[in-house]
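K.L.:
Output the structure for:
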Amino acid sequence: MAIEKPRVLIVEDEPTLAQGLADALRFQGYEADIAADGERGLSMARRGAYDVMLLDVMMPVMSGFEVIQTLRGEGSRLPTIMLTAKGAEEDKIEGLGLGADDYVTKPFAIRELVARVGAQVRRTRRDRGDGDTFEVQGVVFDLGRLSAQRGDEEILLTPREGEILSYLRSHQGNVVTRDEFLLEVWKYPTANVETRTVDNTLAALRKKVEVNPADPQIIKTVRGKGYRWGD
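P.N.:
You can find the predicted model right below:
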């Protein structure tokens, strides 16, 4: 069974930044919605089942501070990462005081922000007790929480990596082709895409979960065809 994609609400009035964040998150396997002002963001946060909200401080109609203050006053526990201006230490303090869970200072590295979103998702799903847990080759996977454990080592997974593992495991015994991955996991409208995305993502995932990535036992390559779940 495929894992449920984490959903992120981006409340940001800079269209280019908002779209860039949405694209980066979607590439990693998240679902992402955008609200261009605080009032719209508040409305969407109230009615949407989101795992995380990215909330800019300075916005038209309603500021990020007003949004988080209103939500917390209504009892919402939606994990929220505030996006603050460089050097605005008072914004960080005020945002955390109003109930934000984390903050990132602009300009920021997309990879850092995606990592912080992942941390909030794992915490939320751990608290909810979500999970699809199994063990293979000495690694205990918990796809609901997007994590794995090998001995004392915790391995953090992206939503995309969780989807790949889930899809391979649900098709155990069958070869999954690159085209099938692109269509079913990446949701590309056509598999006729010149891309190394699948191979690069699988290589990175093997480095995380395999004892010896050069001799993989969990994610096996079927030469000339694709990949399959290890026996």
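
K.L.:
would you list every one of the strands in this protein?
P.N.:
Under the criterion DSSP state E, strands of the chain are mapped to 7-11, 31-35, 52-56, 80-84, 102-105, 133-136, 139-142, 147-150, 153-156, 176-177, 219-222, 226-229.

K.L.:
Low-confidence stretches in the protein?
P.N.:
1-3, 86-88, 127-131, 189-195, 231 (pLDDT under 70).

K.L.:
Pop the domain breakdown of it in here.
P.N.:
7-127, 133-229 (automatic domain parsing).

K.L.:
Any chance of JSON lines for those domains, columns mean neighbour count?
P.N.:
C-betas here are computed from N, CA, C, even on glycine. Below are those laid out as JSON lines (neighbours: other CB atoms under 10 Å):
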{"stretch": "domain 7-127", "mean neighbour count": "18"}
{"stretch": "domain 133-229", "mean neighbour count": "16"}
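
K.L.:
so can I have TSV of the strands of the chain showing distance to residue 90?
P.N.:
As requested, those are exported to TSV (distance: least, CB to CB, whole Å):
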stretch	distance to residue 90
strand 7-11	20
strand 31-35	24
strand 52-56	16
strand 80-84	9
strand 102-105	12
strand 133-136	43
strand 139-142	39
strand 147-150	35
strand 153-156	32
strand 176-177	51
strand 219-222	48
strand 226-229	50
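
K.L.:
Next, the angle strand 52-56 makes with the top helix by length along the chain.
P.N.:
Secondary structure of the chain per DSSP state H: the longest helix is helix 110-128. Calculated by axes from the mean of the first three to the mean of the last three CA atoms, to 10 degrees, helix 110-128 forms an angle of 140 degrees with strand 52-56.

K.L.:
Off-centre distance for helix 110-128?
P.N.:
7 Å (CA atoms, centre = their mean, to the nearest Å).

K.L.:
Render the CA-only coordinates of it in PDB, please.
P.N.:
Taking C-alpha atoms only, helix 110-128 is exported to PDB below (Å, rounded to 0.1, in the frame of the first residue of the first chain):
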ATOM      1  CA  ILE A 110      16.100  25.000  -0.200                       C
ATOM      2  CA  ARG A 111      17.700  21.800   1.100                       C
ATOM      3  CA  GLU A 112      17.700  23.200   4.600                       C
ATOM      4  CA  LEU A 113      14.100  24.100   4.500                       C
ATOM      5  CA  VAL A 114      13.100  20.700   3.000                       C
ATOM      6  CA  ALA A 115      15.000  19.000   5.800                       C
ATOM      7  CA  ARG A 116      13.200  21.100   8.400                       C
ATOM      8  CA  VAL A 117       9.900  20.300   6.900                       C
ATOM      9  CA  GLY A 118      10.800  16.600   7.000                       C
ATOM     10  CA  ALA A 119      11.700  16.900  10.700                       C
ATOM     11  CA  GLN A 120       8.200  18.400  11.400                       C
ATOM     12  CA  VAL A 121       6.500  15.700   9.400                       C
ATOM     13  CA  ARG A 122       8.300  12.900  11.200                       C
ATOM     14  CA  ARG A 123       7.500  14.400  14.600                       C
ATOM     15  CA  THR A 124       3.800  14.800  13.700                       C
ATOM     16  CA  ARG A 125       3.400  11.300  12.400                       C
ATOM     17  CA  ARG A 126       5.300   9.900  15.400                       C
ATOM     18  CA  ASP A 127       2.900  11.700  17.700                       C
ATOM     19  CA  ARG A 128      -0.100  10.400  15.800                       C
END
